[in-house]
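Asker: Structure for the following, please:
(2 chains)
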Amino acid sequence: MRTATEKLSAMWAELSQDPEFKFKLKAQDTAVTLARAVVESGLSQADLAKALDWKPSRVSRVLHGDSNLTLRTILEVAQACDLDFDVILRRAGEARAAQPWEQGELWKDSRKLYEDARHTLRQANEMLRTAEAINNRVWRTARTPMVNRERSEMKSQAYEAA
Amino acid sequence: MTVLLELSYEVLGIPEAEPRPGQNPWHPVTPVSGPDAEECPFLEQVGQLKDRRDQKAAMQALKKLIEVAATGLPMTRFYHEKQCHEIHSFQYDGKTRRIWRIRQGSIRLPFYYGAGRLLFLPTVLVKRRDKLTRGEELELETHIKEFIQAEDANSLTVIRS
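Answerer: All right, here's what the predicted structure looks like:
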């Protein structure tokens, strides 16, 4: 499988040298985003066609194709979905910015990260307290003369139990 | 046990961040074989495409499939009817089983809706004509029957990258 993936990776790298292929992928991504916006806004394709006074075939081309959509077309679809849009740039390979319908999931992810961090902090504090107790015990043992060590051990245990 | 590989950008060698999964995403899967599940006929088929147009069409179709599957929304909302529709149905175990397919250029990606929101993709077809031959139909039926048997026996394992 690794070999197959490596082969596909090489194929992808080679195909990506072709500007037309890169453009088609970007156009396809844009269409998928617009199609998702339409679904998330509760509109059917027929509703969109009616709202924009477009033929159903044009709606289909815009939402399902990989053609060169104009900014006007994107704006019209966004507005029909009661949305607006910006051009947000990012570094290649980085995750894209979240869309409005992804905010809820993003919030859940952030909440989970926060809870995980709090749990880790609690564990770290407990470990620190244990380490301090061990450290104190070792120092007390080291300072106590051999004859008193046994008594000191007992005191130490009583202290920790308390 | 039937081992399936979930298709992702990583598996396809696409160096991009995976799409964010929505609620109840679909999981596009394909069978793997070999003692360590190291052989994946589907990926090998894609890797062996010779024609540059077919390579582009296959990669473009798979990238879109992964992106759309992650949304968890009905697949048909992202494709027009000619791009994604039912191509064949057959009777098996008292039920009608429906095979769908995605088309991109000459590339055909037949798939079957499995339990647990799996999209089972047994093979890649390169076709200059749209209609399936009887041989292709029978081959797809065989793959899907094997998948259904494993599903019924609860012996499906999905590997995720």
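
Asker: Please tell me how far B:Glu141 sits from A:Lys155.
Answerer: According to Cβ to Cβ, to the nearest Å, B:Glu141 stands 81 Å off from A:Lys155. For every residue, glycine as well, the C-beta is placed using N, CA and C.

Asker: what does A:Glu105 give?
Answerer: 56 Å.

Asker: Enumerate the residues of chain B near chain A.
Answerer: B:5, B:10-17, B:20-23, B:32, B:37-40, B:43-44, B:46-47, B:52, B:55-56, B:59-60, B:63-64, B:67-68, B:71, B:73, B:77-80, B:83 (Cβ under 8 Å from any Cβ of the partner chain).

Asker: Which other helices and strands does the longest helix along chain A contact?
Answerer: Ordering each helix of chain A by length in residues (DSSP state H) puts helix A:103-143 first. If you count contacts as 3 or more Cβ pairs under 8 Å, 6 or more residues apart in numbering or on different chains; DSSP states H and E, helix A:103-143 packs onto helix A:146-161.

Asker: How about residue 55: what's its closest non-neighbour residue?
Answerer: Because you didn't say which chain, this covers chain A. A:Ala49 (6.7 Å; Cβ to Cβ, 6 or more residues apart in numbering or on different chains).

Asker: Chain B was what I was after
Answerer: In space, B:Gln55 is closest to B:Leu49, 4.9 Å off (Cβ to Cβ, 6+ apart).

Asker: That neighbour: what's it in contact with?
Answerer: B:Gln55, B:Ala58, B:Val124, B:Val126 (Cβ atoms under 8 Å, 6 or more residues apart in numbering or on different chains).

Asker: name the element it belongs to?
Answerer: Of the helices and strands defined by DSSP states H and E, none includes B:Leu49.

Asker: before we move on, the earlier item: would a markdown table of the contacts of B:Leu49 with pLDDT and secondary structure be doable?
Answerer: Formatted as a markdown table, the contacts of B:Leu49 follow (pLDDT from 0 to 100; DSSP: H, G, I helix; E, B strand; the rest coil):
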| residue | pLDDT | secondary structure |
| --- | --- | --- |
| B:Gln55 | 97 | helix |
| B:Ala58 | 97 | helix |
| B:Val124 | 96 | coil |
| B:Val126 | 93 | strand |
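
Asker: Those, buried ones only, as a PyMOL selection?
Answerer: Here is the PyMOL command that selects the buried residues among these (16 or more other Cβ atoms under 10 Å in any protein chain shown):
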select buried, chain B and resi 55+58+124+126
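
Asker: Could you single out the nearest of the contacts of B:Leu49 to chain A?
Answerer: Taking Cβ to the nearest Cβ as the measure, B:Gln55 is the one of the contacts of B:Leu49 closest to chain A, at 5.8 Å.

Asker: Leaving out the residues flanking it, which one is nearest to whichever residue of chain A sits closest to chain B?
Answerer: Residue of chain A nearest chain B, by Cβ to the nearest Cβ: A:Ser9 (2.8 Å). Distances taken as Cβ to Cβ, 6+ apart place B:Gly13 nearest to A:Ser9, at 2.8 Å, with adjacent residues excluded.

Asker: And what about A:Phe21, helix, strand or coil?
Answerer: Classification of A:Phe21 using DSSP: H, G, I helix; E, B strand; the rest coil returns helix.

Asker: contacting residues for it?
Answerer: Contacts of A:Phe21 by Cβ under 8 Å, 6+ apart are A:Leu15, B:Lys56, B:Gln60.

Asker: just B:Glu67 next, same as before
Answerer: Listed by Cβ under 8 Å, 6+ apart, the contact set of B:Glu67 reads A:Asp29, A:Val32, B:Pro19.

Asker: and A:Asp109, how many residues sit next to it?
Answerer: Using other Cβ atoms under 10 Å in any protein chain shown, A:Asp109 has 13 neighbouring residues.

Asker: which one of B:Glu141 and A:Lys155 has more residues nearby?
Answerer: Using other Cβ under 10 Å as the criterion, B:Glu141 and A:Lys155 rank with B:Glu141 on top: 17 against 13.

Asker: need the contact list for the residue of chain A closest to chain B.
Answerer: Neighbouring residues of A:Ser9 by Cβ under 8 Å, 6+ apart: B:Gly13, B:Ile14, B:Pro15.

Asker: Nearest to chain A among the residues you listed?
Answerer: Top of the list for closeness to chain A, among the contacts of A:Ser9 and by Cβ to the nearest Cβ, is B:Gly13 at 2.8 Å.

Asker: gap between the closest one and B:Met59?
Answerer: Counting by Cβ to Cβ - B:Gly13 and B:Met59 are separated by 9 Å.

Asker: higher neighbour count, those two?
Answerer: Neighbour count, other Cβ under 10 Å: between B:Gly13 and B:Met59, B:Met59 has more, with 24 against 20.
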